[in-house]
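Participant: requesting a structural model of the entry that follows:
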Amino acid sequence: MRWLALLAFVATPAHAQLVSPPGVTIGQVQALMDQSIAPVLAKADSAMTKADAAIADGLTSANRQQALRIQVTPDANGRAVFTYPMPYVAGTKPAVTTTAETPNGATYRNDASVEENSATNTQVVILVQRVPKTIVVSLLGAVTNIIAPVTTPVWINVLVRAPV
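Facilitator: Below you'll find the model as predicted:
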């Protein structure tokens, strides 16, 4: 291992060469380098084997995670069905994260969430609601619905990821 500290790499614009201490052959240096790098290569092989096993379930890096900006028009209850561009293998229940965009200057914010147990291998149901930025409470006992479903087109950022 001490030899490695004594090695020098000499490079000039015309050529480059490996220089070793006197009495040490390049073959010995190569053997030492092979010996020291073997554990690193074994770890890399192990990681690749795990990745290959994950891909064997039919998922590739292209459809394991899908991120999109979509425009939806929810129904009267604020529900919109989103179908993934690339479906997952049957039985796969991906994790879905949604974020709704709010127009500039609006007095409300749009909130998007995933309806419980609606994510399948092909689609998910997104709930979109409009929440006021300022909430005023009346002391006169009037009941108002402050959170309302969105029924107009809204932009949603969707991240769909297959479980590992």
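
Participant: helix, strand, or coil at Thr120?
Facilitator: Of the three states, Thr120 takes coil according to DSSP: H, G, I helix; E, B strand; the rest coil.

Participant: count of residues packed around it?
Facilitator: Thr120: 17 surrounding residues under other C-beta atoms under 10 Å. The way it works is simple: take the backbone N, C-alpha and C, and place the C-beta from them, glycine included.

Participant: so it makes contact with Ala90?
Facilitator: No: the pair Thr120 / Ala90 is not scored as a contact, 9.3 Å apart, by C-beta atoms under 8 Å.

Participant: what number of residues lie near Trp153?
Facilitator: One thing to correct before we go on: residue 153 is Pro, not Trp. Close neighbours of Pro153, defined as other C-beta under 10 Å, add up to 10.

Participant: residue contacts, it?
Facilitator: Neighbouring residues of Pro153 by C-beta atoms under 8 Å, 6 or more residues apart in numbering: Gln71, Val72, Thr73.

Participant: ok, the second one to Val29 distance?
Facilitator: Pointing back at Val72 there. Distance of Val72 to Val29, computed by C-beta to C-beta, to the nearest Å: 63 Å.

Participant: same thing with the last one?
Facilitator: Between Thr73 and Val29 the distance is 68 Å, computed by C-beta to C-beta.

Participant: looking at these two, which is more packed in?
Facilitator: For Thr73 versus Val29, neighbours defined as other C-beta under 10 Å are more numerous around Val29 (18 against 11).

Participant: need the three-state assignment for Val29.
Facilitator: Strictly by three-state DSSP, Val29 counts as helix.

Participant: ok, then the element right after the helix or strand hosting Arg109?
Facilitator: Per DSSP states H and E: Arg109 is located in strand 108-114. Toward the C-terminus, strand 108-114 is succeeded by strand 123-132 as the next helix or strand (DSSP H and E).

Participant: same for that next one, what does it pack against?
Facilitator: On a contact count with 3 or more C-beta pairs under 8 Å, 6 or more residues apart in numbering; DSSP states H and E, strand 123-132 meets strand 79-83, strand 95-100, strand 108-114, strand 148-149, strand 154-161.

Participant: turn these into JSON lines, including mean pLDDT.
Facilitator: Putting the helices and strands packed on strand 123-132 into JSON lines (pLDDT from 0 to 100) gives the following:
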{"stretch": "strand 79-83", "mean pLDDT": "95"}
{"stretch": "strand 95-100", "mean pLDDT": "94"}
{"stretch": "strand 108-114", "mean pLDDT": "93"}
{"stretch": "strand 148-149", "mean pLDDT": "83"}
{"stretch": "strand 154-161", "mean pLDDT": "94"}
